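Visitor: Make a model of this:
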Amino acid sequence: MNIVVIGAGGVGGYFGGKLAKAGFDVTFIARGKHLKAIKEKGLQVKSILGDFIVHTKGTDNINEIKNPDLVILGVKSWQVLGVAQELKSVITPITMVLPLQNGADNADTLLSVLPKENVLAGLSKIVSKVESPGVINHFAFEPEIIFAEYNSEDTIRIKEVKAVFDKAGFKNTLSKDIQLDIWRKFLFITMVSGIGAITRVIYKYLQQSDEIKEIIWKTGEEVVSVANAKGIPLKKQDIENSMQAFINSVPNTTASMQRDMMEGKPSELENFNGYIVNQGKLLGIETPTNAFIYYCLLPQEMKARR
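Guide: Now for the predicted structure:
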């Protein structure tokens, strides 16, 4: 299978690296010093499950892609639309495009540009980052990809993708309700990312504060209200599960959106808390906690994008 991984960061770098290690034809779309290091020295993956190095193809020009079977998107949610527009001219009728971003509507964003036959839906669970050019550091928990056809239909091609992931040796789950699974991940990441970006501290200090945990809970309640209005059957139990996952998280870590904002980079604020605020306005649902987080962080986001 001819696989292209767009974005060789913590997500794309790890899973793409595992696919290359298993012998699949993998091309990374990356840029700058990271791409230079990958081309010259290979991609090094440091992992709690075992370190490895792969030597594979890399480019910063998406137009160099030829007849990809599977395109995995490891970019940020705010980059998906632009990537989809670039992909239009390089994919074939049988190319599958799998988004792994944290947002709730990435597959829908792809569908606004690409034919429905090309679009899968998915998410990843991984704690990893680019440690230095050419080096990915996976430092907590077992990584997993959860994926399916957009409508969760059972197809031959989706089983073929699962067989590829199985051979690569990482945990993967073929979802029976991918939209619900995407929203469950979105619930967790929205609950913790914004408040982390405001406080600018590791999870340890958030976990110790009952007041912060109350804010996180209220953030989750608003996400569930919006989800239910959109026909996604999130429940109070999902908030409880997300809260427990947060409490059990590695104390010295942070969310990727928080790290981006602290480093002055563009972030996924608009795709997380901002998405809930905007959808709440459209649906007539009050979202005061998400609104407070969103508007407090928006000036930083605007500065990062200048």
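Visitor: State the mean pLDDT of the host helix or strand of Ile3.
Guide: Element membership of Ile3, judged by DSSP states H and E, is strand 2-6. Averaging pLDDT along strand 2-6 yields 98.
Visitor: Check the residue nearest the centre of the chain and give its pLDDT.
Guide: When Cα atoms, centre = their mean is applied to the chain, the residue found nearest the centroid is Gln101 (2.4 Å). Looking at Gln101, its pLDDT stands at 95.
Visitor: who touches the closest residue to it other than its chain neighbours in this structure?
Guide: Closest residue to Gln101 apart from its sequence neighbours, by Cβ to Cβ, 6 or more residues apart in numbering: Ser77 at 4.3 Å. Where C-beta positions appear, they are placed from N, C-alpha and C, glycine not excepted. With contacts defined as Cβ atoms under 8 Å, 6 or more residues apart in numbering, the neighbours of Ser77 are Gln101, Asn102, Gly103, Asn106, Glu268, Asn271.
Visitor: now, among the residues you listed, which is nearest to Leu49?
Guide: When these are compared for distance to Leu49 (Cβ to Cβ), Asn102 wins out at 21.8 Å.
Visitor: The closest one contacts Leu123, correct?
Guide: Yes. Applying Cβ atoms under 8 Å as the test, Asn102 and Leu123 come out as touching, 7.2 Å apart.
Visitor: shared neighbours, the two?
Guide: Common neighbours of Asn102 and Leu123, counting by Cβ under 8 Å, 6+ apart, are Lys185.
Visitor: Can you pick out the residue with more neighbours from the two?
Guide: Taking neighbours as other Cβ atoms under 10 Å, Asn102 and Leu123 compare with Leu123 leading, 28 against 24.
Visitor: I'd assumed Glu142 was in a strand, is it?
Guide: Yes. Glu142 forms part of a strand when assessed by DSSP: H, G, I helix; E, B strand; the rest coil.
Visitor: picking that back up, save the contacts of Ser77 as TSV, and put in distance to Ile158 and secondary structure too.
Guide: Putting the contacts of Ser77 into TSV (distance: Cβ to Cβ, whole Å; DSSP: H, G, I helix; E, B strand; the rest coil) gives the following:
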residue	distance to Ile158	secondary structure
Gln101	19	coil
Asn102	21	coil
Gly103	21	coil
Asn106	17	helix
Glu268	27	coil
Asn271	25	helix
